[in-house]
Each structure stands twice: as C-alpha cells, then as structure tokens.
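Visitor: build the 3D model from these lines:
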Amino acid sequence: MSGPPRDDDRLGFPGDAAPSDSVTGEPPLERTDGGDVTARPRTPTERDGSTVAGTGPDGHGATGGWRGVVASASLSLLDRVWYALFARHADGDGHARTRKHYRAANVPVDFELYIARVYGWSWVVALLAAGLTVAAVLSVEPGVRRGVFDGVAAVLPRVETLPTVGAPSLSALGAVVVGAGTKRAAVVLGGLRLRWRAAARRANIERTLPGAVRYLHVLSTGSDGRRAMLRKVASTSAYGETATAFRRALNAAATTGNLAVGLRRVARDTPSRNVLAPFLLKFREHAEQGEDALRNYLRMESRMLGQRQDRARKRAEGFLELLAELFIVLLVLPALLVIILTVMAVIAPGLSAPVTTPIGSTTVRGLIVYASAGFVLAVGLGASTLVAGLRPADQTISYTRPSGRLDTLLTATSNPASAAVVAAAPAVLVVAVALSDGTRVVDATLAGYVAYGVPVGLVAVRRARLDDAKDREIADFVHAVSGHVTLGRPFPEAVRLVARDVDLGPLSSDVADLALNLSLTSPASGSDDPLRTAALDEFVENVGTPLAAQSIGLVTGALEGGSDAGTVFETLQAEIGRLYHEKRTLRAGLLVYVAVGWTTALLVVGITAAVSAHVFDGFAQLSSVSSSASFVLDPAAVDLERDRYRIYVVTQATMLASGVFAGTASRGRYEALLHSGLLVVVCYAVFTGAGLL
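Guide: Numbers count the residues shown, from 1 in each chain. Predicted structure coming up:
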C-alpha cells in the first residue's frame with residue numbers, strides 16, 4: 001500500500017517550509033558546477049553599473065537567467081567597464097534565443113555580464129581586424145592592387161566605371177567592411193558557444209540519466225526521503241550533468257523551501273527537453289502519490305531509458321560505419337595524388353616551378369605534397385576525435401598522475417599518465433641525438449615520436465588488460481557476496497568469507513583490503529555507515545575502473561540509506577551483468593575500426609612502396625629523353641631521391657593518422673600512441689628494406 005509523502009518532501013507553495021534539508025540537517029549545497037550562486041534568497045537591486053539586476057518574482061532575473069546580486073568589488077575593472085557599456089544589449093529581442101541557450105548551458109556568470117563580455121571582445125577583435133586590414137592594404141604594391149582591380153573588372157565589367165581610389169581610401173573602406181563583419185561574427189560566435197555548450201550538456205545528460213535512475217530505484221527501497229535520494233545522486237561524479245541538474249534542483253528547493261519548485265525550474269531550463277524534463281516532472285507527480293508509486297515508476301523508467309540508450313548506441317554504430325568509409329577514402333586519396341603529380345611532372349613543367357614560402361623555397365609540386373601530408377594528419381585527428389566522442393562516458397577510463405615526482409617515476413610502469421611524463425625526456429634525447437647525427441628533421445621527429453609513443457602505449461595496454469581482468473572478477477565477487485547475504489550473513493562477514501574462500505585473480509588483493517577495512521565496522525551487523533562507506537569508496541578507487549565505480553557505488557548509497565541488503569545485491573548482479581555486456585559489445589564493435597585503420601595503413605604502404613620502386617624509376621628514365629618527334633620532356637622532372645622521400649613523408653603521415661584512429665577506437669588516446677608508433681616503424685622498415693631511403 002502506498003504511504004504518504006515523507007515530511008522532507010512535503011509539496012506545497014513557496015514559503016511553506018524552511019529552506020533547509022530536513023532529512024540530513026545539512027546546509028543547502030553550495031555551487032560547484034556553474035548552477036545557482038547560493039542557496040539564500042536574493043535581493044532585487046536596480047541596475048546602476050555596479051550590480052547585476054536582481055531576481056524576478058519567480059526567482060529568476062528579468063532576462064531569464066539565474067540571477068544574483070554581484071557587487072562591483074567581485075568584478076574586474078574590465079568587466080565593470082563592459083557591463084556599463086554593453087549590458088543593455090541583453091534586454092533586446094535579438095537575444096531572446098540566446099537567453100534560452102544560456103539557461104540550458106549552465107554558464108557560471110550572469111546573462112547580462114556574459115553578453116557584455118561578448119560585445120566587449122567583439123569590439124576588440126573588430127578593431128584588431130581593421131588595423132590588420134589597413135596594414136595589409138598599405139603594404140601591397142600599386143601594381144598588385146591594379147592587377148587585383150583588373151581581375152575583378154574582368155568578372156564584373158561595371159567595376160571599370162567606378163572612380164579610382166587611392167590606397168588610404170581603399171584601406172579605410174576595407175577596414176570598415178572587415179571590422180564590421182568581424183564584430184558581427186564575434187557576437188554570433190558568442191551565441192553559438194552557448195548553443196554548443198547546451199548541446200554538450202544534453203548529450204551528457206542522455207548518457208548518464210539511465211544510470212542515475214537505476215541508482216534512484218535502488219535507493220527507493222530504503223528509508224531515504226526524496227531529497228536525500230537526489231542528494232546522493234548529485235554527489236556522484238559518475239553521473240555528470242545529470243548530477244549537476246539534481247544539484248540545481250536541490251539548490252532551488254533550499255531557496256524556496258519546496259522541492260517541487262526546484263524540480264519544475266530545472267525541468268524548464270534543462271537542455272534535455274525530451275528526456276530529463278519529463279522525468280523530473282513525473283518524479284514530482286509520483287512523489288505526491290507515495291513511496292510505492294515512486295518506486296514502481298523508477299523501475300519502469302529505468303527500463304525505458306535503458307531501451308532508449310540501446311537505440312542511441314545502434315545509431316552511433318551506423319555513424320561509425322559511415323565515418324570509417326569516409327576515413328578510408330580521405331586517407332588513400334592524398335597518396336594517389338602525390339603519385340599522379342609525380343607522373344604529371346614529366347609532361348607539365350609548371351608543376352616544378354619554384355615557390356617561395358616563409359620556411360624556404362620549394363616547388364608547386366612539393367607544396368602540394370606537404371599540404372597533402374598535413375591534410376592527412378588533420379583527417380586522422382578529426383576522425384579520432386569523433387570516435388572518442390561517440391564512446392560512452394561510462395566506458396572511458398581516465399588515469400591520474402600522482403602529485404609527487406618520485407611517485408610518478410615509481411608508477412610509470414603501471415600508470416599511463418605517469419609513463420607519458422617519464423617517457424618525454426628519453427624521446428627528446430632521441431630527437432637531439434638524431435639531429436646531431438645529420439638526420440633530416442622529419443626522420444628525427446618520427447624517431448622521437450616512436451621512442452615516446454610505443455613505451456607509453458605498452459603501459460596503457462598492460463594496464464587495460466589488468467582492468468579488464470578486474471572487471472571480469474567483479475561479477476564473480478558480487479555473485480559470491482550476494483549468496484552469503486541472501487543466507488542472512490552481515491555484509492562485512494560475507495566479504496571476509498569471499499576474500500578467504502574465492503580466488504578472484506587480480507581482484508583478490510583489493511577484496512582482501514576491503515574485508516580488512518570492513519572489519520572495523522560493527523562485526524555483528526556492519527551498521528557503522530561512515531566506515532563502511534569509506535571502505536567501499538576506497539575499494540572502488542583501488543579497482544579504478546568505470547564498472548566498479550558504477551556498480552559498487554550502488555552498494556555504498558543503498559546500504560547507507562537503509563535498503564535491504566538482499567534487494568541491493570540482487571539489483572547489483574543484474575546491473576553488473578548489463579554493464580559488463582555493454583562493455584564487451586562496445587569493445588567487439590570498435591575492434592572492427594581498429595582493423596580498418598591498420599588495413600588502410602598497410603594498403604597505402606604497399607601502394608606507395610611499389611610505385612616508388614618501379615614506376616618512378618621508369619619515368620625517371622623517360623624524362624632523361626630530351627626530345628622526340630612529337631613532344632619534349634622535362635629532364636629534371638623526376639628526381640628519384642627527392643620524389644621517393646616526398647611520398648615517404650606522405651605515407652608516414654598516413655601511418656600516424658591511421659594509427660591514431662585505430663588506437664582511439666581501441667581504448668583511447670594512450671593506445672593511439674602505440675598503434676601510430678608501430679605503424680611508423682612498419683613504414684620505415686618497408687621503405688628501408690626496399691632500398692627507397
């Protein structure tokens with residue numbers, strides 16, 4: 001039978017309850033994420049240049065942002081000047097859409113101050129662009145200006161009827177046009193920044209909300225009230241922007257004394273209009289109906305959100321397939337372009353015309369070749385960035401380097417973040433030695449990259465395999481503990497028996513430490529919540545995998561909230577099985593793109609090496625023929641050593657791009673160093689073995 005709403009969740013009108021958390025007695029949450037500035041009522045203040053406008057009757061500012069009184073002492077001199085000059089633009093109709101994006105973006109400054117900064121910087125950028133335009137026009141020779149004018153007149157004949165203007169007038173006109181365009185572009189970019197930030201928050205919410213709802217469902221089996229449940233989710237960093245939204249709701253509830261008002265405000269302002277907003281409103285409605293209604297709703301919603309997440313994952317897989325096809329085409333084309341240019345140089349002497357650049361003199365063909373190498377690197381970095389963005393946040397491991405130098409050195413063989421720092425000095429030494437030995441700059445840089453990337457990547461792979469082994473054993477650990485808890489044994493005793501009787505491989509030492517720490521709690525019931533929570537938190541930190549953080553975190557919050565241990569571990573077993581299956585499925589799907597990266601790289605190496613060894617030699621002999629009955633060839637068109645090295649540079653750029661793409665698809669940026677470094681070595685070995693270098 002559904003019970004009445006708990007006292008801490010009494011749903012009424014603003015002013016009916018004190019602005020405090022009646023469950024825990026804790027003060028309202030302070031802002032740590034760009035949400036509400038404080039949890040105290042704000043005083044409306046008129047705008048006088050030293051303060052930002054106060055709140056409206058609904059707790060929001062006149063322009064719709066989350067407002068607070070900002071004293072002039074808290075702003076820099078530049079902010080105060082810009083606020084006094086440009087804050088009026090925030091009330092214009094032209095920024096109505098920007099105001100909506102501002103609410104959704106969760107920016108940590110007032111809306112008027114943000115707009116004032118945008119306009120202030122737009123004037124700075126506009127004046128800088130205008131000055132550069134004047135300098136550029138005045139520095140151009142009159143003959144060049146005349147040539148440009150004639151070229152425009154050839155396209156637009158009416159231009160010839162215009163009066164001729166001097167350089168000062170032309171520079172002034174150009175400065176006005178460029179400055180105005182730059183200023184407008186800066187203002188538009190300021191609005192787009194809010195839109196992009198809101199879109200990033202929406203994507204993060206849609207990834208993290210299913211896990212947060214499952215956590216709320218487990219917490220609903222305990223004795224916690226609604227605020228305490230939301231507070232526990234809000235304090236869990238694994239839930240990202242969903243936790244941020246819950247913190248904002250709790251801040252607003254503390255301000256008004258009404259949780260319903262806080263949920264309604266966040267539902268109105270959230271960028272996730274189709275997912276989080278309906279959930280918050282339905283959460284509020286079911287909270288009014290009692291505990292059982294809310295528990296049933298959370299169970300149903302967690303299933304629906306899980307199905308939605310599965311559909312989103314399938315859409316991402318389809319996008320990855322398209323990305324892989326495009327990636328192959330964009331990587332193969334530059335190598336083919338270089339081959340075609342080399343062949344065409346025999347009959348097109350213009351491709352060998354000299355071109356002066358800031359870093360030296362080259363030819364048109366050489367400029368295109370090196371531009372192709374840069375394009376290939378850009379494609380690789382862009383594709384790897386897209387792949388990293390498509391990977392779910394809860395499937396990404398981030399490593400933290402210890403603060404001390406000695407600790408960094410000692411953990412270099414087990415922590416990729418530490419290895420990335422330690423390996424930098426040997427890599428620089430390799431580059432220095434190679435340059436001192438007369439090696440070309442490109443070759444020396446590639447040698448240093450290999451000396452840096454391969455060791456760091458090997459450490460990352462070793463650590464990833466250890467983490468995978470721990471994740472496999474976590475399921476067995478939870479299953480074993482669940483069996484003991486179901487028999488009525490206290491949680492600490494269950495962990496102690498599992499640590500003694502079950503071989504958990506690489507997880508054994510962490511479970512033994514957990515059993516020792518839990519023994520400090522009450523041996524009879526294990527009801528010493530602070531010590532038990534600290535022990536579980538330390539266990540999650542020692543394991544260090546997203547699976548442990550998501551699964552064991554359920555135990556921490558649920559047992560602390562008084563949930564039934566058997567119910568908690570039954571839910572935990574299902575959760576771990578689902579998470580581990582998702583991890584394996586994602587890993588298997590991304591391995592296809594690892595193969596795509598390596599196959600593309602080896603294909604390009606084979607093509608370029610074969611062409612350099614056989615085709616270029618034939619065209620070099622052909623170009624040595626100075627004349628024939630019908631055509632004349634350029635005898636200097638093909639230089640075997642030069643052209644083979646140029647195509648080698650493009651091929652190495654392809655190796656780097658393919659390796660970064662494959663490594664990022666596999667496990668992340670550290671493994672990208674390994675794959676790209678190994679492909680660089682393969683390319684060097686092929687070209688050296690074929691006698692092309």
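Visitor: show me where the stretch 51-200 of the chain has helices.
Guide: Secondary structure of the stretch 51-200 of the chain by DSSP state H, counting those that start in this stretch: the helices cover 77-86, 96-105, 111-139, 142-155, 167-219.
Visitor: quick one: which of those helices is nearest R646?
Guide: helix 142-155 (31.1 Å; C-beta to C-beta). Where C-beta positions appear, they are placed from N, C-alpha and C, glycine not excepted.
Visitor: average pLDDT for the closest one?
Guide: In this model, helix 142-155 carries a mean pLDDT of 62.
Visitor: okay if I get the helices of the stretch 51-200 of the chain as TSV plus distance to A460 and mean neighbour count?
Guide: Below are the helices of the stretch 51-200 of the chain laid out as TSV (distance: least, C-beta to C-beta, whole Å; neighbours: other C-beta atoms under 10 Å):
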stretch	distance to A460	mean neighbour count
helix 77-86	43	16
helix 96-105	34	19
helix 111-139	39	18
helix 142-155	53	11
helix 167-219	23	19
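Visitor: these: lowest mean pLDDT?
Guide: Ranked by mean pLDDT, the helices of the stretch 51-200 of the chain end with helix 142-155 at the bottom, a mean of 62.
Visitor: centroid-nearest residue for this structure?
Guide: Geometric centre of the chain, nearest residue: G389, 5.8 Å, by C-alpha atoms, centre = their mean.
Visitor: doesn't E671 make contact with G457?
Guide: Yes: when contacts are counted by C-beta atoms under 8 Å, G457 is listed as touching E671 (5.6 Å).
Visitor: more crowded one of those two?
Guide: Ranked by neighbour count (other C-beta atoms under 10 Å), G457 and E671 place G457 first, with 28 against 25.
Visitor: what mean pLDDT does the stretch of helix or strand the more buried one belongs to have?
Guide: Using DSSP states H and E, G457 sits in helix 441-486. The average pLDDT for helix 441-486 rounds to 88.
Visitor: for the helix or strand just after it, buried residues please.
Guide: Downstream of helix 441-486, the first helix or strand assigned by DSSP H and E is helix 491-501. Residues of helix 491-501 classed as buried: F491, P492, E493, A494, V495, R496, L497, V498, A499 (neighbour count, 16 or more other C-beta atoms under 10 Å).
Visitor: returning to what we had before: common neighbours of G457 and E671, please.
Guide: G663 (C-beta atoms under 8 Å, 6 or more residues apart in numbering).
Visitor: please tabulate the helices of the stretch 51-200 of the chain in TSV and include distance to G382 as additional columns.
Guide: Formatted as TSV, the helices of the stretch 51-200 of the chain follow (distance: least, C-beta to C-beta, whole Å):
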stretch	distance to G382
helix 77-86	35
helix 96-105	24
helix 111-139	26
helix 142-155	34
helix 167-219	16
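Visitor: closest one to N415 among those helices?
Guide: Closest approach to N415 among those (C-beta to C-beta): helix 167-219, 25.9 Å.
Visitor: helices or strands up against whichever helix or strand comes after that closest one?
Guide: Per DSSP H and E, the first helix or strand lying C-terminal to helix 167-219 is helix 226-234. Packed against helix 226-234 by the contact rule (3 or more C-beta pairs under 8 Å, 6 or more residues apart in numbering; DSSP states H and E) you find helix 167-219, helix 240-256.
Visitor: so which of these gets nearest T585?
Guide: Using C-beta to C-beta, the nearest of the helices and strands packed on helix 226-234 to T585 is helix 167-219, at 15.5 Å.
Visitor: how far does that closest one sit from its chain's centre?
Guide: Helix 167-219 has its C-alpha centroid displaced from the chain centroid by 15 Å (C-alpha atoms, centre = their mean, to the nearest Å).
Visitor: cool, stretch 291-304 as well?
Guide: So, by C-alpha atoms, centre = their mean, the centroid of stretch 291-304 is 32 Å from its chain's centroid.
Visitor: buried residues in that stretch?
Guide: E291, L294, R295, Y297, L298, E301, S302.
Visitor: switch those over to a markdown table; also include secondary structure and distance to L518.
Guide: Shown next, in a markdown table, are those (DSSP: H, G, I helix; E, B strand; the rest coil; distance: C-beta to C-beta, whole Å):
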| residue | secondary structure | distance to L518 |
| --- | --- | --- |
| E291 | helix | 29 |
| L294 | helix | 31 |
| R295 | helix | 28 |
| Y297 | helix | 33 |
| L298 | helix | 28 |
| E301 | helix | 33 |
| S302 | helix | 28 |
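Visitor: out of those, who's nearest I115?
Guide: Checking the buried residues of stretch 291-304 against I115 by C-beta to C-beta gives E301 as the nearest, at 37.6 Å.
Visitor: which residues does the closest one contact?
Guide: Here E301 is in contact with V213, F279, K282 (C-beta under 8 Å, 6+ apart).
Visitor: in stretch 273-293, what counts as buried?
Guide: V275, L276, A277, F279, L280, L281, K282, F283, R284, H286, A287, E291.
Visitor: render the CA-only coordinates of that stretch in PDB, please.
Guide: Extracted in PDB, the C-alpha atoms of stretch 273-293 (Å, rounded to 0.1, in the frame of the first residue of the first chain):
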ATOM      1  CA  ARG A 273      13.700  18.700 -23.100                       C
ATOM      2  CA  ASN A 274      12.700  15.200 -24.200                       C
ATOM      3  CA  VAL A 275      14.400  13.100 -21.500                       C
ATOM      4  CA  LEU A 276      15.300  14.800 -18.300                       C
ATOM      5  CA  ALA A 277      12.400  17.400 -18.200                       C
ATOM      6  CA  PRO A 278       9.700  14.700 -18.400                       C
ATOM      7  CA  PHE A 279      11.500  12.600 -15.800                       C
ATOM      8  CA  LEU A 280      11.700  15.400 -13.300                       C
ATOM      9  CA  LEU A 281       8.000  16.300 -13.700                       C
ATOM     10  CA  LYS A 282       6.900  12.700 -13.400                       C
ATOM     11  CA  PHE A 283       9.200  12.200 -10.400                       C
ATOM     12  CA  ARG A 284       7.400  15.100  -8.700                       C
ATOM     13  CA  GLU A 285       4.000  13.700  -9.600                       C
ATOM     14  CA  HIS A 286       4.700  10.200  -8.300                       C
ATOM     15  CA  ALA A 287       6.400  11.600  -5.200                       C
ATOM     16  CA  GLU A 288       3.000  13.000  -4.200                       C
ATOM     17  CA  GLN A 289       1.400   9.600  -4.600                       C
ATOM     18  CA  GLY A 290       3.600   7.800  -2.100                       C
ATOM     19  CA  GLU A 291       6.600   5.500  -1.800                       C
ATOM     20  CA  ASP A 292       5.300   2.500  -3.800                       C
ATOM     21  CA  ALA A 293       4.100   4.700  -6.700                       C
END
